[in-house]
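A.B. asks: A structural model of the following input is requested.
(one chain, ligands or ions: 1)
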Amino acid sequence: MLVAKELDVKNHESYHNHERVVYFEHEAAGLKAIISVHNTNLGPSLGGCRMYPYETEEQALTDVLRLSRGMTYKSALAGLPLGGGKSVIIGNPRTDKTPALFEAMGEAVEYMGGSYVTAEDVGTAEENMESISKNTKFVAGLPLSVLQQRVPNPVGGNPSPYTAFGVFCGLKAAVKYRLKKDTVAGLKVGVQGLGSVGYDLCRFLDEEGATLFVSDINKDVLEQAKAELKNVHVVGLDDIYDMPVDVYAPCALGATVNDQTIERLKCSVIAGAANNQLHLRKHDQILHDKGILYAPDYVINSGGVMCVGYEFFQLTKNPFSYELNETNLKNHVAEIENVTMKIFDYAHKHGLPSGEAADRLAEEIFLSPDLIKTAANS
Ligand code: NAD
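C.D. replies: Numbers count the residues shown, from 1 in each chain. Below you'll find the predicted structure:
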């Protein structure tokens, strides 16, 4: 049986006016999970379900509070009628996954009454979302075969190509703003991590004529890049920070912009896919003072959440005045270029670093008092 316990997190150090946080346990299914709804002013809160072997429930709580808050800001600037939420399952994704566990998670999502919509995240996959969907309709990131049974022309699926396209659009905005160039042709770009997003980003950059300096721990993907791309140089894992590039695009790990690397970076723009690229908040100001233009990570990597959001709207209710199809999704993702520009202009006008400017603009959107709940929320 699923047991739910409302958590009072008002005194938690990561509390930030979260609306509702619930701890769930289902003994028979082996589920221990927390769902955090940060804000639903714009619509139901959407955010992935992370499965991770947290050592303590306190660690899981801190993570889910922080991540759900981030989703509110991301969706607001992504122009989605969605709020911010997230869930965490305490467990090892390699050894603890069972269909029953995710079916119980589906009950937990359903318990939130539609205020939280889940999707894939670190440690969870499409097939887990399918198990969750047995007990709730508030789930996206389903396998294409399942979507095809529910809607005639499903839009969505793997979000990474949309994330990569959005990062490319955001990167171009930063190049236009700082280097006054409409193209990346002739520019040097350092890409760290050629995974699902980084590799596709390289394809876009290569096609437009950039020179690439790339690093990855996976040698096969580096060989593939050398064989497929026109102008690519493989560099050592640690050497990527010293490359004399115009743009540094972190697409692997978080916190690679830190006290040590900032001293070494020679770029004038940072624009990549990785989440939480800045190790600490102060690094936003440090980059600003050094004249390095930072394209805020959660803004330019929001193509993925747009993709997941469109899938959810297609399965429930379309909040837009246009059709939910691939072309319109792609146009929506392309808007990241304009939004990123707007952030740079706002930052300049108010003398702020760009990360801070993005947060303020997001708050202007989701905290606006005259906001009405959108159709997607009903
Ligand atoms: P991925 O796991 O497919 O790719 C990561 C790549 O980084 C892998 O090729 C890996 O070998 C490489 N890598 C790991 N450690 C490295 C190191 N020290 N130096 C260089 N390369 C290293 O992940 P992804 O889906 O491409 O996501 C990349 C980043 O973007 C992550 O931070 C992720 O959270 C973020 N992100 C992804 C999406 C998405 O739609 N996939 C959306 C938003 C944000």
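A.B. asks: tabulate the CA atom coordinates of the helix or strand of the chain with the lowest mean pLDDT in CSV.
C.D. replies: For the chain, counting by mean pLDDT, DSSP states H and E, helix 144-150 ranks last in confidence among helices and strands (a mean of 90). Extracted in CSV, the C-alpha atoms of helix 144-150 (Å, rounded to 0.1, in the frame of the first residue of the first chain):
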residue,chain,number,x,y,z
LEU,A,144,7.1,6.1,-29.4
SER,A,145,5.3,2.7,-29.8
VAL,A,146,3.1,3.7,-26.8
LEU,A,147,2.5,7.2,-28.0
GLN,A,148,1.5,5.9,-31.4
GLN,A,149,-1.3,4.0,-29.8
ARG,A,150,-2.7,7.1,-28.1
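A.B. asks: and for that helix, what's in contact with it?
C.D. replies: With contact meaning Cβ atoms under 8 Å, 6 or more residues apart in numbering, helix 144-150 is reached by Glu130, Ser133, Pro154, Gly156, Gly157, Glu311, Gln314, Leu315. Every C-beta, even on glycine, is put in place using the N, C-alpha and C of the backbone.
A.B. asks: columns distance to the ligand on top of those residues, output as JSON lines?
C.D. replies: Output for the contacts of helix 144-150, formatted as JSON lines (distance: Cβ to the nearest ligand atom, whole Å):
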{"residue": "Glu130", "distance to the ligand": "19"}
{"residue": "Ser133", "distance to the ligand": "20"}
{"residue": "Pro154", "distance to the ligand": "17"}
{"residue": "Gly156", "distance to the ligand": "12"}
{"residue": "Gly157", "distance to the ligand": "11"}
{"residue": "Glu311", "distance to the ligand": "13"}
{"residue": "Gln314", "distance to the ligand": "18"}
{"residue": "Leu315", "distance to the ligand": "19"}
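A.B. asks: ok, back up a step: and the least confident helix or strand of the chain, what's buried?
C.D. replies: Of all the residues in helix 144-150, those buried under the rule 16 or more other Cβ atoms under 10 Å are Leu147.
A.B. asks: mind listing what's buried in the helix or strand following it?
C.D. replies: Where DSSP states H and E defines the elements, the next helix or strand beyond helix 144-150 is helix 160-179. Judged by neighbour count (16+ other Cβ under 10 Å), helix 160-179 contains these buried residues: 160-178.
A.B. asks: model confidence over helix 160-179, on average?
C.D. replies: Taken as a whole, helix 160-179 has a mean pLDDT of 97.
A.B. asks: which neighbouring elements make contact with that helix?
C.D. replies: Secondary-structure packing of helix 160-179 (3 or more Cβ pairs under 8 Å, 6 or more residues apart in numbering; DSSP states H and E): helix 196-207, strand 247-250, strand 269-270, strand 293-294, helix 297-300, helix 303-315, helix 326-334, helix 336-350.
A.B. asks: give me the lowest-pLDDT entry from the contacts of helix 144-150.
C.D. replies: Scoring these by pLDDT puts Gly157 last, at 80.
A.B. asks: what's the local residue count around it?
C.D. replies: 18 (other Cβ atoms under 10 Å).
A.B. asks: deepest of the helices and strands packed on helix 160-179, which one?
C.D. replies: Greatest average neighbour count among the helices and strands packed on helix 160-179 goes to strand 247-250 (a mean of 28), per mean count of other Cβ atoms under 10 Å.
A.B. asks: and after that one, which helix or strand comes next?
C.D. replies: helix 259-262.
A.B. asks: quick one: that next one near the ligand?
C.D. replies: No. Helix 259-262 stays clear of the ligand (Cβ under 6 Å from any ligand atom), getting no nearer than 11.9 Å.
A.B. asks: in that helix, what's buried?
C.D. replies: Buried-residue list, helix 259-262, by 16+ other Cβ under 10 Å: Thr261, Ile262.
A.B. asks: right, and the ligand sits closest to which residue of the stretch 151-300 of the chain?
C.D. replies: Closest residue of the stretch 151-300 of the chain to the ligand, Cβ to the nearest ligand atom: Gly195 (1.7 Å).
A.B. asks: contacts only, for that residue.
C.D. replies: By Cβ under 8 Å, 6+ apart, the residues touching Gly195 are Asp216, Val221, Cys251, Ala252.
A.B. asks: those residues: which ones sit near the ligand?
C.D. replies: Residues of these in contact with the ligand (Cβ under 6 Å from any ligand atom): Asp216, Val221, Cys251, Ala252.
A.B. asks: give me the below-cutoff pLDDT ranges for this protein.
C.D. replies: 369-378 (pLDDT under 70).
A.B. asks: nearest to Gly351 among the contacts of Gly195?
C.D. replies: Proximity to Gly351 was ranked across the contacts of Gly195 by Cβ to Cβ; first place goes to Cys251, at 30.0 Å.
A.B. asks: secondary structure class for Val117?
C.D. replies: Secondary structure assignment for Val117 (DSSP: H, G, I helix; E, B strand; the rest coil): strand.
A.B. asks: is it in a bridge, and if so with what?
C.D. replies: Leu46 (DSSP bridges).
A.B. asks: and it, how far from the ligand?
C.D. replies: 16 Å (Cβ to the nearest ligand atom, to the nearest Å).
A.B. asks: what about that residue, distance to Ser75?
C.D. replies: Distance of Val117 to Ser75, computed by Cβ to Cβ, to the nearest Å: 11 Å.
A.B. asks: ok, now Glu13?
C.D. replies: 24 Å.
A.B. asks: please say which of these two ends up with more neighbours.
C.D. replies: Legend: neighbour count by other Cβ under 10 Å for Glu13 and Ser75, higher for Ser75 (29 against 8).
A.B. asks: of all the contacts of helix 144-150, which two lie farthest apart?
C.D. replies: Longest span within these, Cβ to Cβ: Glu130 and Gln314, 16.4 Å.
A.B. asks: name the nearest residue to Asp259, sequence neighbours excluded.
C.D. replies: Nearest non-adjacent residue to Asp259, counting by Cβ to Cβ, 6 or more residues apart in numbering: His279, 7.3 Å away.
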